[in-house]
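S.K.: Below are the sequence and a predicted model; questions follow.
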Amino acid sequence: MRFDTFLFDSVELRLELGKEGVSPKEIFIDANENSLVIKVQNSGYLRTLLDTNKLYGMIKPFETIWYIDDDQLVVNLKKQDPELKCPDIMESWESLTAGVAQLLRGTSIYLAGESTEINHKIARELAVGLGYTPLNTKEILESYSKEIIDSWVASQGCDAVAEAETAILESLSSHARAVVSTLGGKHGAAERPNKWQHLFTGFTIWLSQSKATDEESVKEETRRHLQDGLQGYSNAEVVVKLGGWDANYSKAVAQASLSALKHLILSDKNLPGKKSLYRRLGCRGDWPDIKPPSWDPSTGSDASSPLSCIEGGAKWLVNKLKGKMQKPLLELLKEYDMAIGIFPRDATNYEFNEETGKLTVYIPSVCEVGYRDSSVLRFSTVVTGYLEKGKLADIEGIKTKVMIWVKVTAITCEKSKLHFTAGMKKTRSRDAYEVLRDGVGVDKF
């Protein structure tokens, strides 16, 4: 069998007839939108040349043309979607991985569901097939915390683990061409519909085991769960129901996932571009109804509106008029019992509101600072946080390197120790951060 796609609006299939002298009367073709059956009469019985109900792309059955060319049967199938590139006539693992990789345009995939093991197995299959990078939040969390997930859940609870995974997902949201397997069960971030802010940057496939015995029961079960909104998968783009689980059938589950994903993207080819826009605007949680770039998620208002600009300008002017001589940043940090080296040496400009405790530090360029304990911090050009005695909280603009870059949300000083919170708490020696160091420029935060 040979398959050609040289025609824009159709595909051509060539099948060997196996013997000369076959007449058109001996050829039987049954074409439907998603299926194709081709048979030839041979010595009194019908021989099947092709029988599939899984065509890669939908066709126009009434526009099917066929003819005999020497010892080959040539079948021309008109595509319903002329722009769809068909790697093969049938939907297979090879055709799906090749075709979906093009449709995704670099958008990452997230695997979620009740089982961490199943998520991991299917993610590996998809990553290999698509040529994507496999990432595993369980491995990242355990590597960072030096503690297995089960003991972490036992000591700190499910919510603490979910918060930590949310921080990891935030860092991974900037990655393209990755397949990310997430934690399954109640301690996974995906189980919580309000933790999907960064999962929305990619296509999420929810893998769910079902006790339903037939296809209609499965559909009804899915509809019921979606209506109830109790499951995290109410946010997922694709739901794959499993009648059971056997690791030997991982590729079959992965293939079903790709098939569903293909149909989703073909229903709206703008989805990958929309995902990219959502990521570039900062993953503000406004999926799928993306707001204008000036929209402020904290207030729900458009920050570029004339009223907002006037109010902001007036507040700035009043603060300047009532201000007093600003002390150096080093002295401010000492006064609040913070290590003076938590910012780069050239971070000297800042604003501090004593009433609210909000600190804004301006850094000339995006940079990284390495410390003598081998830890590394990466700084954006603007770092904000709330400063109190021995603590800088609600930080925006600092990351630290684990296996990947993760966002630092708080720094706490406790005698000779510094505690960095990046989803989970990491303790480092305070001495390493009591020396000012130069930042090394990097391309992006």
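M.R.: It's in. What you are looking at is a predicted structure, and each value in this text was computed from that prediction instead of being measured.

S.K.: how much space between Ala31 and Val37?
M.R.: Using CB to CB, to the nearest Å, we find Ala31 at a distance of 8 Å from Val37. All C-beta atoms are positioned from the backbone trio N, CA, C, and that covers glycine.

S.K.: Would you mind telling me which of the two has the busier surroundings?
M.R.: Ranked by neighbour count (other CB atoms under 10 Å), Ala31 and Val37 place Ala31 first, with 20 against 15.

S.K.: can you pull the contacts of that one?
M.R.: The contact partners of Ala31, taken as CB atoms under 8 Å, 6 or more residues apart in numbering, are Val37, Ile59, Pro61, Thr64, Leu77.

S.K.: switch to 6 Å and redo it
M.R.: Residues touching Ala31, when contacts are defined by CB atoms under 6 Å, 6 or more residues apart in numbering, comprise Pro61, Thr64.

S.K.: Quick check: bridge partners of it?
M.R.: Going by DSSP bridges, Ala31 is paired in beta bridges with Leu36.

S.K.: what's the most centrally placed residue in the chain sitting at in phi/psi?
M.R.: Centroid-nearest residue in the chain, with CA atoms, centre = their mean: Gly202, separated by 3.3 Å. The phi and psi values for Gly202, taken as degrees, to the nearest 10, are phi -130, psi -180.

S.K.: Quick one, grab the pLDDT at it.
M.R.: What the model reports as pLDDT for Gly202 is 96.

S.K.: you'd agree it is up against Arg105?
M.R.: No - taking CB atoms under 6 Å as the contact criterion, Gly202 and Arg105 are not neighbours in contact, 11.8 Å apart.

S.K.: just to revisit the earlier point, check contacts around the residue nearest to the centre of the chain.
M.R.: Listed by CB under 6 Å, 6+ apart, the contact set of Gly202 reads Thr107, Ser108, Ile109, Tyr110.

S.K.: How about Val161?
M.R.: Residues touching Val161, when contacts are defined by CB under 6 Å, 6+ apart, comprise Trp152, Val153, His187.

S.K.: With Leu333 instead?
M.R.: For Leu333, the contacting residues are Ile340, taking CB under 6 Å, 6+ apart as the criterion.

S.K.: Just the element for it, please.
M.R.: In this structure, Leu333 is located in helix 329-335 according to DSSP states H and E.

S.K.: Identify the neighbouring strands of the helix or strand that comes right after that helix in the sheet and state each direction.
M.R.: Counting by DSSP H and E, the next helix or strand C-terminal to helix 329-335 is strand 349-352. Listed by DSSP bridges, the sheet partners of strand 349-352 and their directions read strand 358-362 (antiparallel).

S.K.: coming back round to it: could you check the helix holding Leu333 and say which residues are buried?
M.R.: If you call a residue buried by 16 or more other CB atoms under 10 Å, then helix 329-335 has these buried ones: Leu329, Leu332, Leu333.

S.K.: repeat for stretch 267-274
M.R.: Of the residues in stretch 267-274, those buried by neighbour count under the rule 16+ other CB under 10 Å are Leu271, Pro272.

S.K.: What lies in contact with it?
M.R.: Outside of stretch 267-274, the residues within contact range by CB under 6 Å, 6+ apart are Leu104, Arg105, Thr107, Ile265.

S.K.: returning to that earlier point: any chance of TSV for the buried residues of helix 329-335, columns distance to Lys275 and pLDDT?
M.R.: What follows is the buried residues of helix 329-335, written out as TSV (distance: CB to CB, whole Å; pLDDT from 0 to 100):
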residue	distance to Lys275	pLDDT
Leu329	39	90
Leu332	41	92
Leu333	40	93
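
S.K.: picking that back up, which among the contacts of Gly202 gets closest to Ile148?
M.R.: Nearest to Ile148 among the contacts of Gly202 is Tyr110, at 22.3 Å by CB to CB.

S.K.: tell me which element the closest one falls in.
M.R.: Using DSSP H and E, Tyr110 sits in strand 109-113.

S.K.: which neighbours does that strand have in its sheet, and in what orientation?
M.R.: Strand 109-113 has its sheet partners listed here by DSSP bridges as strand 178-181 (parallel), strand 203-209 (parallel).

S.K.: Can you tell me which of those is packed in deepest?
M.R.: Each of those was given a mean neighbour count from mean count of other CB atoms under 10 Å, and the largest, a mean of 25, is that of strand 178-181.

S.K.: Adding distance to Val361 as columns, could you present the strands paired with strand 109-113 in JSON lines?
M.R.: What follows is these, written out as JSON lines (distance: least, CB to CB, whole Å):
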{"stretch": "strand 178-181", "distance to Val361": "31"}
{"stretch": "strand 203-209", "distance to Val361": "35"}
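
S.K.: where among these is the average confidence lowest?
M.R.: Least confident of these, judged by mean pLDDT, is strand 203-209 with a mean of 92.

S.K.: doesn't Ala178 make contact with Leu135?
M.R.: Yes - checked against CB under 6 Å, the pair Leu135 and Ala178 is within contact range at 5.3 Å.
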